[in-house]
Structures are given as structure tokens and as C-alpha cells.
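Enquirer: Next one to model:
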Amino acid sequence: MIRSMTGYGRQSLQWEKVKGTVEIRSVNHRFFDFSPKVPRSILFMEDALKKKVGESIKRGHIDLFLTLEGEGLTTHQLQVDEDLVRQYKEQLQILKNKYELTGEITIDMVTKLDHVFTISETTEYDQSLTSSIEKSVDDALADLVTMRESEGGKLKADLLIRLCSLKEIVSEIELRREVVIREYKEKIRKRIEEYTKSAFTEDDHRVRQEVALLAEKGDITEEVTRIYSHIDQFQKTLQEGGVVGRTLDFIVQEFHREINTIGSKSNDSKLSNQVVKMKSEIEKMKEQIQNIE
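Expert: Numbers count the residues shown, from 1 in each chain. Next up is the predicted model:
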């Protein structure tokens, strides 16, 4: 099965008083590129999530968004630096005695001192919550893969149509080349008759020599044969499915190589037009292939 590299999956998460959302989005990329956006408190799950996603997706840039909210996710703890309080008190007493200051050190004063109180935030995830997160990721990933497969089916259908069109154009080029040889043979014969004022048969040595020279310079038999072979290989690769984006891209490059050679050998306007049509089809195929996993 052919897969597109574009897709989206979303699932909700519910665990006790905690609610959350998992979203996974994928776009084109040459390789597998995973980018998680998760709460700091569950960064420990990143490697496991990357491995999980990588088992289903081989190519594409993947964004995974995870949001969590609700009671019980975090706890806060107030801490007092008693040693710092003692130092504050001692230094204030020294200042009071030295400068004969009045007043007492009160609790209100202590609460306003810097760095005496700190609040730490801790998050402790129950294993069942971790399992819930993984389950939601699995479900969102399944949605993503389904969309990629659906889009891949459409890409495959379009490529097969274009491949069929390409094959027809190659067939026309093959037939046109034979016509070109005959037309050129006739032109040479008429030109010789025009300059010599005498008739020459089609089997005349000079006519055959000129035609043979043209045929040798403009022979595209090998290029046409290779294009047919590439078409068969392209179609076979599409039918086999799997991660074939790079393979298809390579075959398209080979199409370009052979078509450019045919274009350089062409000395016929109709043949050149067919070459342009082929290039147009191949460019459209290449655009579609860029989105195949």
C-alpha cells in the first residue's frame, strides 16, 4: 500500500480528574523527523513516543502535541531556608546594636526577606496515567496512518493514469521516428533530383547513405527501450507498495535522462512536441512523488 507523508490524527485523553489531548501531524520530509511538544513533566516519555511513532511511520516530519490539565497532576511544597533566616536575624541584630536602632525583628519582617521561602513543584505520574497517554498516542497514530493511506491511494491512482499517458506518448514517439526517416528519405531524393535533373530510385546508393547517416545520429531505439523498462519498473514498484518514495523519485530521474537524450537527437518538430508533453507529464509525476513515504 502506498502512503502519503501528509496526515493528521487526534484523540482525547481521560484519566481520573485529568483531561488531555493528543494531536499528531505529518508533512513531507526526506527522512523520519520527530518533533514532540509535551509538558516538561513527561519529557521522560519522549524516547518511548519516538520509538512508537517510528514503528508506524518511516518518512516525514512528525509533530506530536500533548496537553494535560486537571487536579492531581502536580503538588507544591513550601520550603524554608532556616539557616538563611538565622543569618538575617544575626546581621539585623548587629546593625541594631551598632547604630542604636529601635524595633524588634517580627514574623512580618521575615516573610519579606528574599530567598527565605521557596516553592517547589513536583509531578508524580501513576503508571496507569502513563498507559493512558500511550493508548491515546496509539489511537491518534492510527488515525494519522489511515489518512496517509487514504491520500496514498489517491496518489497511486493519479500516478498510474499519468504513467499510462506517458506510455502512449512514448509509443507515438516510436512511430513518429519511423515516419521521420521516410520523410527525410523523400526529401533527400527530391533534392538530388532537383540538383541533378535526373530521377533517382529509392534504392540509390547516395540516398541510402544519407538516410543511414540520419538514422544513426537520430537513433532513439535504446532510449525508448529503456523508458519502457522504467515504466514497467515504476508500475511494479507502485503495485508492491511500502516505503517507495525514494525509489520512485530515482526512476523519475531516469525518465528525465532518457527524454533529454531523445530531445537532443530530435530534428523533427512533431517529435520535439512529444518530448515536451513527456516532460510535462513527468514533472507532474515528480510533484506527486514528493509526497509519497
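Enquirer: How far away from the center of its chain is the helix or strand containing M109?
Expert: Assessed by DSSP states H and E, M109 sits inside helix 107-111. How far helix 107-111 lies from its chain's middle: 60 Å, per CA atoms, centre = their mean, to the nearest Å.
Enquirer: what about the strands in the stretch 51-200 of the chain?
Expert: Under the criterion DSSP state E, counting those that start in this stretch, strands of the stretch 51-200 of the chain are mapped to 60-70, 75-80, 117-122.
Enquirer: Tell me the buried residues in the longest one?
Expert: Along strand 60-70, these residues count as buried under the neighbour rule (16 or more other CB atoms under 10 Å): 60-62, 64, 66, 68. For the C-beta atoms, the positions are set from N, CA and C on the backbone; glycine is no exception.
Enquirer: quick one: average pLDDT of it?
Expert: Summarised as a single mean, pLDDT over strand 60-70 is 91.
Enquirer: Who are the packing partners of that strand?
Expert: Counting contacts by 3 or more CB pairs under 8 Å, 6 or more residues apart in numbering; DSSP states H and E, strand 60-70 packs against strand 18-27, strand 32-37, helix 46-56, helix 127-196.
Enquirer: how about these, which one is nearest K286?
Expert: helix 127-196 (10.3 Å; CB to CB).
Enquirer: Could you give the average pLDDT over the closest one?
Expert: 85.
Enquirer: just stretch 224-232 next, same as before
Expert: Stretch 224-232 carries an average pLDDT of 94.
Enquirer: Reformat the strands of the stretch 51-200 of the chain as a markdown table; add distance to V170.
Expert: Converted to a markdown table, the strands of the stretch 51-200 of the chain look like this (distance: least, CB to CB, whole Å):
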| stretch | distance to V170 |
| --- | --- |
| strand 60-70 | 33 |
| strand 75-80 | 71 |
| strand 117-122 | 68 |
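Enquirer: where's I161 relative to E55, distance?
Expert: Taking CB to CB, to the nearest Å as the measure, I161 falls 33 Å from E55.
Enquirer: wait, K277 sits on V170?
Expert: No - in this structure K277 lies outside contact range of V170 using CB atoms under 8 Å: 10.4 Å.
Enquirer: Comparing these two, which shows the higher neighbour count?
Expert: V170 (24 against 16; other CB atoms under 10 Å).
Enquirer: how about the nearest residue to that one, chain neighbours excluded?
Expert: I227 (5.3 Å; CB to CB, 6 or more residues apart in numbering).
Enquirer: contacting residues for the one you found?
Expert: Residues near I227 by CB atoms under 8 Å, 6 or more residues apart in numbering: 170, 255, 258-259.
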